[in-house]
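Undergrad: Have a look at this prediction, sequence included:
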Amino acid sequence: MGEIRSGSDLREVAEKTQSHVRAFLSTVTEVASGAAPGAELSLLLLATSDLLSAGAHLAAITDVVPVERFEPDAGPDTDVDPLRMALARMFDGFDDYVEVVDPVLGTEIGPASLSGDLACAVEELAKGLAHYDEGHELEALWWWQFSYLSSWGERTASALRVLQAVLAHLRLDVEDDVAQEAEYDALHS
């Protein structure tokens, strides 16, 4: 992406980022409401991948430093507990998983949950969006960049890995006779 040199360049990045944020928040909310039966995992995989792409752009630019050295109050934090609980019910049986806590500093393994990962991202992203919607584009961009590096980037990367693994198991874990029949059909079609 290169180095961003002006406030107008940063505002352009903020505009693009808010579009990805809105799409992610919309998708997670839609999925949690049960409005996409049968497509939940695929929709979340796509939305999370797109969001991580936006996050990578944030990490690749020079650190954003708002003009004001204090964060304006963006209002109350988003209550993500109902969303997290709806996702946990949806992910029953595969919500909880283990991961390496910090792959750079060691091999310690800790607990995590897909619903918690997505709810964490929603909370952090919504806070930045509140700044953006109040007309504080640079503050929003600073928040999204900071929170990408400190929380939602890692949480969504973990969520993406779990979503991909669950989809792979659903599609590839089949009985041997079903797999052999599919191979036979593919070879003779």
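TA: Cool, got the structure. Numbers count the residues shown, from 1 in each chain.
Undergrad: quick one: average confidence on the helix ranked longest in the chain?
TA: Secondary structure of the chain read by DSSP state H shows that its longest helix is helix 7-32. For helix 7-32, mean pLDDT rounds to 93.
Undergrad: continuing past that helix, what's the next helix or strand?
TA: helix 40-60 (DSSP states H and E).
Undergrad: could you give the angle of that following helix to helix 7-32?
TA: 160 degrees (axes from the mean of the first three to the mean of the last three CA atoms, to 10 degrees).
Undergrad: Next, the buried residues of helix 40-60.
TA: Going by neighbour count (16 or more other CB atoms under 10 Å), the buried part of helix 40-60 is 40-41, 43-45, 47-48, 51-52, 54-55, 57-58. (C-beta placed from N, C-alpha, C; glycine too.)
Undergrad: Export those residues to CSV and append columns for pLDDT.
TA: Shown next, in CSV, are those (pLDDT from 0 to 100):
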residue, pLDDT
Glu40, 96
Leu41, 96
Leu43, 97
Leu44, 98
Leu45, 98
Ala47, 98
Thr48, 98
Leu51, 98
Leu52, 98
Ala54, 97
Gly55, 96
His57, 93
Leu58, 94
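Undergrad: so how far is the longest helix of the chain off the chain centroid?
TA: Helix 7-32 has its C-alpha centroid displaced from the chain centroid by 11 Å (CA atoms, centre = their mean, to the nearest Å).
Undergrad: now stretch 145-156
TA: 9 Å.
Undergrad: can you tell me the distance between the two ends of stretch 27-43?
TA: 7 Å (CA to CA, to the nearest Å).
Undergrad: From the rest of the structure, what touches it?
TA: Stretch 27-43 has contacts (CB atoms under 8 Å, 6 or more residues apart in numbering) with 44, 46-47, 83, 86-87, 90, 118, 121-122, 163, 166-167, 170.
Undergrad: Mind jotting down where the strands sit in this protein?
TA: Under the criterion DSSP state E, the chain contains strands at 96-100, 109-113.
Undergrad: want to try a markdown table for the ones you listed, with mean neighbour count as columns?
TA: As requested, the strands of the chain are exported to a markdown table (neighbours: other CB atoms under 10 Å):
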| stretch | mean neighbour count |
| --- | --- |
| strand 96-100 | 14 |
| strand 109-113 | 14 |
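Undergrad: would you turn these into TSV with distance to Thr29 and mean pLDDT?
TA: Below are those laid out as TSV (distance: least, CB to CB, whole Å; pLDDT from 0 to 100):
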stretch	distance to Thr29	mean pLDDT
strand 96-100	22	95
strand 109-113	18	97
